[in-house]
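A predicted structure for the sequence below; I have some questions about it.
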Amino acid sequence: MTAIETTTEAPKKPARKADPLARIVADVRAAMKKLGEFSALATPAHRTQHHLGRSAAWLQQHEAEGTFDSLLLTHAFKAASTGDRDALVQLAAVALAQVENLDGAK
């Protein structure tokens, strides 16, 4: 008769794949620490209209070509003109989405 071996070890779970967005956010946090101090003053009124005009022009360019640079600049000029949270979140979303695209291409 042959002996039957039994094991009491539970099967190992597969390694969890790292969340790419978590890595990007960690990289952004590290970059934020390196920014140092900067002025948080609101955009002067005489530049607000100029920035809004540039945002509108880049939006038209984006609608015509659909390129990343035009989308980024649309949101950058809008964020610069308004300085509000929603505009900055949209700008960050465009930038983070492109980083994710670039990481995926590697």
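Thanks, I have the structure now. As the structure is a computational prediction, the values presented were derived from the model and not from experiment. Residues are numbered from 1 along each chain as shown.

can you tell me which helix or strand the most centrally placed residue in the chain belongs to?
The centre of the chain sits closest to residue 96, judged by CA atoms, centre = their mean, with a distance of 1.6 Å. For residue 96, the element it lies in under DSSP states H and E is helix 85-105.

Not counting that helix itself, show me its contacts.
The contact list for helix 85-105 (CB atoms under 8 Å, 6 or more residues apart in numbering) reads 20-21, 23-25, 27-28, 68, 71-72, 75-76, 78-79, 81. Every C-beta, even on glycine, is put in place using the N, C-alpha and C of the backbone.

how about low-confidence regions in the chain?
Within the chain, the stretches with pLDDT under 70 are 1-8, 10, 106.

Can you show me the helices along it?
20-35, 45-65, 68-82, 85-105 (DSSP state H).

sorry, back to before: out of the contacts of helix 85-105, which is nearest to residue 39?
Taking CB to CB as the measure, residue 39 lies nearest residue 79 of the contacts of helix 85-105, at 15.1 Å.

Contacts only, for that closest one.
87, 88, 90, 91.

how much space between it and residue 22?
24 Å (CB to CB, to the nearest Å).

re the thing from before, and the helix holding residue 96, how far from the chain's centre?
Computed by CA atoms, centre = their mean, to the nearest Å, the chain-centroid distance of helix 85-105 equals 3 Å.

Need the CA coordinates for that helix. PDB is fine.
Presented in PDB, the C-alpha positions along helix 85-105 are these (Å, rounded to 0.1, in the frame of the first residue of the first chain):
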ATOM      1  CA  ARG A  85     -11.900  73.800  -8.400                       C
ATOM      2  CA  ASP A  86     -14.000  72.300 -11.200                       C
ATOM      3  CA  ALA A  87     -11.800  73.700 -13.900                       C
ATOM      4  CA  LEU A  88      -8.700  72.500 -12.100                       C
ATOM      5  CA  VAL A  89     -10.200  69.000 -11.700                       C
ATOM      6  CA  GLN A  90     -10.900  68.900 -15.400                       C
ATOM      7  CA  LEU A  91      -7.400  69.900 -16.200                       C
ATOM      8  CA  ALA A  92      -6.000  67.300 -13.800                       C
ATOM      9  CA  ALA A  93      -8.300  64.700 -15.400                       C
ATOM     10  CA  VAL A  94      -6.900  65.400 -18.800                       C
ATOM     11  CA  ALA A  95      -3.300  65.200 -17.600                       C
ATOM     12  CA  LEU A  96      -3.800  62.100 -15.500                       C
ATOM     13  CA  ALA A  97      -5.700  60.300 -18.400                       C
ATOM     14  CA  GLN A  98      -2.800  61.100 -20.700                       C
ATOM     15  CA  VAL A  99      -0.200  59.800 -18.200                       C
ATOM     16  CA  GLU A 100      -2.300  56.600 -17.900                       C
ATOM     17  CA  ASN A 101      -2.300  56.300 -21.800                       C
ATOM     18  CA  LEU A 102       1.500  56.800 -21.900                       C
ATOM     19  CA  ASP A 103       2.000  54.200 -19.100                       C
ATOM     20  CA  GLY A 104      -0.200  51.700 -21.000                       C
ATOM     21  CA  ALA A 105       1.800  52.200 -24.200                       C
END
